[in-house]
Every structure is written in C-alpha cells, then in structure tokens.
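Chemist: my questions are about this predicted structure, shown below with the sequence.
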Amino acid sequence: MSAGEDKADVEKVLAGDIPAFEGIVRRWQGPLVNLAYRFCQDRGRAEEMAQEAFLRAYRALGQWRRDAAFSTWLFALATNLYCSELRRIPVATVALEDVAEPRDSRPVDGGLEDQDRDRAVRRALLALPPKYREALILFYFHDMDIPAAAQSLALPVGTVKARLSRGRDILRRKLAKVLSAPRLEVA
C-alpha cells in the first residue's frame, strides 16, 4: 500500500474531488474489516464498523497531520471507534470455564488439534477484559509493533507493553487447563 497514493487521494478529496476517497476505501477496506472482525468475531458487524470508520475518516480527513503515516491515523481512528462500539454493544462472550472441553476429538497423542487449539485461544482472547484484548489483537493479529499499537490506542508505549504482558499472563493461565488436557491412553 502506497503512502504516496494515500497522500495524493487525501489532497484530492480536500480540494473537492470527493470520488478520490474511493481509492482510500479500495486500499484499506480489507484491512479495516479484518481489524474490526478481530475485535467482534462477527463478519456483518465488522463490515458495518469498518463502514462507520470510513465515514468518520472522511469527515475528519482535514485533521490528519502529515507527521504520521495516513494508515497509522486511519487505524487509530478505526481502533478508537471499534473500542467505543464494543463498549456500547459488547461482544457476546462466554467465560472460558463455561466452554465445553473437546470430547474425543483430540488426537491419540493427547494434544489438541491445531484448529481446536486456535479456537480455544480465540475464545480465551475474546473473554479477556477489553484493555488487554485490544492490545493483543493489534500486536498479534494485526501485526502492529508496540509503538504503532500505542498510537492506535492513544496510550503510552509502556502502558501497551504492560497490557501485552498482563494479557499474555491471563491467557497463559486460562489456557493451561485446556491445552494440557489429560492424555488418552491407547489400549
């Protein structure tokens, strides 16, 4: 994705060429929907949240300061919107303790299959308090480095580091019982 294309399209839109915003949407629609999906795990809701993020970005385009990449500004705006939206209408989550253990779907060696393990991790992540979940999603699922995640969340770098550490600790404890399920004995 080209920072130059973003800057050119922003300049065109600000000069009155409204259709130039389509270039921005075309380049960033997939990433914004994916980010929203990682927050809410509902494709329809993710698309609606991304659409709202583009609407807010369009209205606030003149507020983008060129000292940061357009993508950083857009993702910060989207992350703030997604966090607000999830506080307003939370994702339906299930406590990890209430998730049924996989029955005989484990391989004979006793480990969870990759798909089951991934599903358990996603469920545990969604059950985390939002402040830890948001930091982990940006860092691990959206591949943001700590400074970019901090900027998106409007937090100091040290706070994001602490939330990542605390979030990983909580996940590790909650997942320990699921990931270390007793091994099946083969007769």
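Modeler: Here it is on my side, so go on. Numbers count the residues shown, from 1 in each chain.
Chemist: so what does the longest helix belonging to the chain touch, helix or strand wise?
Modeler: Ranked by residue count under DSSP state H, the longest helix found in the chain is helix 157-179. Identification of packing neighbours for helix 157-179 by 3 or more C-beta pairs under 8 Å, 6 or more residues apart in numbering; DSSP states H and E yields helix 114-126, helix 130-136, helix 146-153. Just so you know, the C-beta spots here come from the backbone N, C-alpha and C atoms, and that holds for glycine as well.
Chemist: closest to Cys40 out of these?
Modeler: Ranking the helices and strands packed on helix 157-179 by proximity to Cys40 (C-beta to C-beta) places helix 114-126 first, at 8.8 Å.
Chemist: packing partners for the closest one?
Modeler: Helix 114-126 is packed against helix 130-136, helix 157-179, with contacts defined by 3+ C-beta pairs under 8 Å, 6+ apart.
Chemist: okay if I get these as a markdown table plus distance to Ser84, mean neighbour count and mean pLDDT?
Modeler: A markdown table is the format used below for the helices and strands packed on helix 114-126 (distance: least, C-beta to C-beta, whole Å; neighbours: other C-beta atoms under 10 Å; pLDDT from 0 to 100):
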| stretch | distance to Ser84 | mean neighbour count | mean pLDDT |
| --- | --- | --- | --- |
| helix 130-136 | 11 | 21 | 87 |
| helix 157-179 | 18 | 16 | 86 |
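Chemist: which stretch among these comes nearest Arg123?
Modeler: Here helix 157-179 is closest among the helices and strands packed on helix 114-126 (C-beta to C-beta), at 9.0 Å.
Chemist: got a list of what His76 touches?
Modeler: Check again: residue 76 is Ala, not His. The neighbours of Ala76, taking C-beta atoms under 8 Å, 6 or more residues apart in numbering as the test, are Gln151, Ser152, Leu153, Ala154.
Chemist: phi, psi of Arg87?
Modeler: Arg87 has phi and psi values of phi -70, psi -40 when expressed as degrees, to the nearest 10.
Chemist: test my guess that it contacts Arg133.
Modeler: No: if you go by C-beta atoms under 8 Å, Arg87 and Arg133 don't touch, sitting 11.8 Å apart.
Chemist: check which helix or strand covers Leu74.
Modeler: Using DSSP states H and E, Leu74 sits within helix 70-88.
Chemist: break the protein down into its structural domains.
Modeler: 1-92, 93-182 (automatic domain parsing).
Chemist: which SS state does Met144 fall under?
Modeler: coil (DSSP: H, G, I helix; E, B strand; the rest coil).
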